[in-house]
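# Next one to model:
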Amino acid sequence: MAGYILALDQGTTSSRAILYDDHARPIKMVQQPTTLKTPQAGFVEQDAQQIWQTQISCAHDVINRAGLLATDVTSIAITNQRESIVIWDKKTGKPLAPAIIWQDRRTASYCEKLTTEPTNNITYSNQNDIASDVQRITGLRLDPYFSASKIAWLLEHNPEWRARANKGEIAVGTIDSWLIYKLTGGEHVIDVTNASRTLLYDIHKMAWSEALCTRFAIPMNVLPKVLPSDGDFGKTKKGLFAKQIPIHAVLGDQHAALFGQGCLDAGMAKNTYGTGCFVLMNIGTEPRLSEHKLLTTVAWQRKSTPFRPESLSLDQIVQSGRRMLQPPKKQVTYALEGSVFMAGAIVQWLRDNLGMIQQSDEVEYLARQVDSSGDVVLLPAFTGLGAPYWRSDVNASITGMSRGTTKAHIARAALEAVAYQTYDVLIAMQKDSPHPLTELRVDGGAANNDLLMQFQADLLNVPVLRPKDTEITAKGVALLAGLKTGLYDESTIKDSWQVDQRFEPNMSSDAREQHLYKWQQAIDRALRAL
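The predicted structure is shown next:
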């Protein structure tokens, strides 16, 4: 079966479009930057129209540059920055405000207030412990990072919009919802992985939580319809392309990376080494809540393949009055997630603030000028510590320096800090999950650093696998779309994932314990200083 998948990858700083052939190979990619705006402290916004215009421009451009026609495209797949939200007019399709981006912290005081004010319209298991109830229902933490408080803020600060929302005249959605609405000319839907990041979705009942919508004062009629990750999201509106192209798969970016890495079995994990790190582990079909300050999220939801009894012919089935196909089931896979705030951003700090290097990729060469970091530990708590500590009050520090310390020692300590933080998250995951970690699959820019990857394997004492194709996010959602359409089969996932390099652990247990002890001492010192 010939055909192409058009993957739209809408990220925080750019929109991209990638075409995949019938063997899940990328054949052409086009990218355009998008602009982040910070109108005041804590505010991070984007022009929702720019998001749409850059994304559709990339889609048209990539088809043209590949020398193809829209009629060659089998389906569209979408992956996107999570938690960011857009509010728009249902009638005109125009945004009412800039998109509020996941990095935005304007609702920090709002979230703090929720934990103390009385709840008049809803009964929680503990009146003063809404945070625990939020985790129980959504698997997440009560934090401005997620979508609910962003939506609540917009409605609270615009009474006219709230009145219109109550009348059903306004739509709200994450970036996937916004793109689908514009692509189709009116479909107001959301994929389940993005819904599970809003702080409004019950991951047990697989439905919007009426209780949480009430608590955040968000009318449920502004929210999109939730569909499985390989659901039928509609077709592109007439005139947008030479044909109406169906949208067959949608995944939040980190979920798409987990799928693209082939982590389909419980216990498999991936880490994306970008500005920060996003570590996700497949935990199977039960939503196990974390006891170690991690997040539980929907990894994806797929419709099961229709089943046709092999023992009966079509005539026999018709004659007997039996149905040829069993009703499709919606199979849910869950994941544990841990976020590391500072990864590649540490290297950027060495480059931009300290001037130790001119280009980010020079850090490995500098770090290799010494055999070890000695006693030097860089604690990169520039914005506090993420999972599993969640301590926003901890400050960054460099300890263990002496007269013999050089910038090479600091560079090596910076790379080690990325691996230490990932180790902490994965150890917490293994405590929460009954499935032992057997390997870690990696992607992202910093995954190309061999020194870092080897140290990561040594700390975890499991192999670290770096694939040849590092555009894992777009590839993951393209694979899901190809499976939905029949362009790919399950073997395509395995066959298209090829190892570029496998880093085997070769550190002694004593050396590993010494490294981890040094890191934990630095953490303890920082906490004691508060």
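# For the top helix by length along the chain, buried residues please.
Ranked by number of residues, the top helix in the chain under DSSP state H is helix 407-432. Neighbour-count burial for helix 407-432, with 16 or more other C-beta atoms under 10 Å as criterion, is recorded at 407-430, 432. C-betas here are computed from N, CA, C, even on glycine.
# Please identify which helix or strand holds the residue nearest to residue 219 when sequence neighbours are not counted.
Leaving aside its sequence neighbours, residue 219 sits nearest to residue 165 (C-beta to C-beta, 6 or more residues apart in numbering; 4.9 Å). Per DSSP states H and E, residue 165 falls inside helix 159-166.
# ok, back up a step: what about the longest helix of the chain, distance to the chain center?
20 Å (C-alpha atoms, centre = their mean, to the nearest Å).
# Please pull up the helix or strand immediately following it.
Next element after helix 407-432 (DSSP H and E): strand 440-443.
# Output that next one as PDB, nothing but the C-alphas.
Output in PDB follows, covering the C-alpha atoms of strand 440-443 (Å, rounded to 0.1, in the frame of the first residue of the first chain):
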ATOM      1  CA  LEU A 440      16.700   3.500  28.500                       C
ATOM      2  CA  ARG A 441      16.000   4.900  25.100                       C
ATOM      3  CA  VAL A 442      17.100   8.400  24.500                       C
ATOM      4  CA  ASP A 443      16.500  11.300  22.100                       C
END
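# What helices and strands are in contact with that strand?
Here strand 440-443 touches strand 269-273, helix 450-460, strand 464-467, going by 3 or more C-beta pairs under 8 Å, 6 or more residues apart in numbering; DSSP states H and E.
# Mind listing the strands the shortest one pairs with, and their directions?
Yep, that's strand 464-467 we're talking about. strand 440-443 (parallel), strand 499-503 (antiparallel) (DSSP bridges).
# ok, then the element right after it?
Scanning onward from strand 464-467 (DSSP H and E), the first element met is helix 472-485.
# and that next one with strand 269-273, angle?
Here helix 472-485 runs at 140 degrees with respect to strand 269-273, directions being taken by axes from the mean of the first three to the mean of the last three C-alpha atoms, to 10 degrees.
# Could I get the buried residue list for helix 472-485?
472-485.
# Residue 299 belongs to a strand, doesn't it?
Yes. Residue 299 sits within a strand when classified using DSSP: H, G, I helix; E, B strand; the rest coil.
# which non-adjacent residue is nearest it?
residue 335 (3.9 Å).
# tell me the SS of that neighbour?
Going by three-state DSSP: residue 335 is strand.
# hang on, isn't it packed against residue 297?
Yes. Between residue 335 and residue 297 a contact is recorded at 5.5 Å, counting by C-beta atoms under 8 Å.
# what residues are shared contacts of those two?
255, 280 (C-beta atoms under 8 Å, 6 or more residues apart in numbering).
# neighbour count winner among these two?
More neighbours surround residue 335 than the other of residue 335 and residue 297, with 31 against 24 (other C-beta atoms under 10 Å).
# So what pairs up with that one in the strands?
Counting by DSSP bridges, the residues bridging with residue 335 are residue 282, residue 297.
# Quick check: pLDDT value at it.
With respect to pLDDT, residue 335 has a value of 95.
# Please report how far it lies from residue 475.
Per C-beta to C-beta, to the nearest Å, residue 335 is found 18 Å from residue 475.
# Likewise for residue 131?
From residue 131 to residue 475 the distance is 36 Å (C-beta to C-beta).
# With residue 302 instead?
In terms of C-beta to C-beta, residue 302 sits 17 Å off from residue 475.
# likewise residue 509?
For residue 509, the distance to residue 475 - C-beta to C-beta - is 36 Å.
# just to revisit the earlier point, averaged pLDDT, the longest helix of the chain. What do you get?
pLDDT averaged over helix 407-432 gives 94.
# Tell me what angle that helix forms with strand 269-273.
150 degrees.
# So which elements touch helix 407-432?
Looks like helix 407-432 contacts strand 269-273, strand 277-284, strand 330-340, helix 344-352, helix 363-367, strand 377-379, helix 450-460, helix 509-528 (3+ C-beta pairs under 8 Å, 6+ apart).
# Any chance of TSV for these, columns distance to residue 185?
Below are the helices and strands packed on helix 407-432 laid out as TSV (distance: least, C-beta to C-beta, whole Å):
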stretch	distance to residue 185
strand 269-273	33
strand 277-284	33
strand 330-340	26
helix 344-352	38
helix 363-367	47
strand 377-379	51
helix 450-460	45
helix 509-528	52
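# Which among these is found nearest to residue 236?
Closest to residue 236 of these, according to C-beta to C-beta: strand 330-340, at 24.6 Å.
# how about the closest one: buried residues?
For strand 330-340, using 16+ other C-beta under 10 Å, the buried residues are 332, 333, 334, 335, 336, 337, 338, 339, 340.
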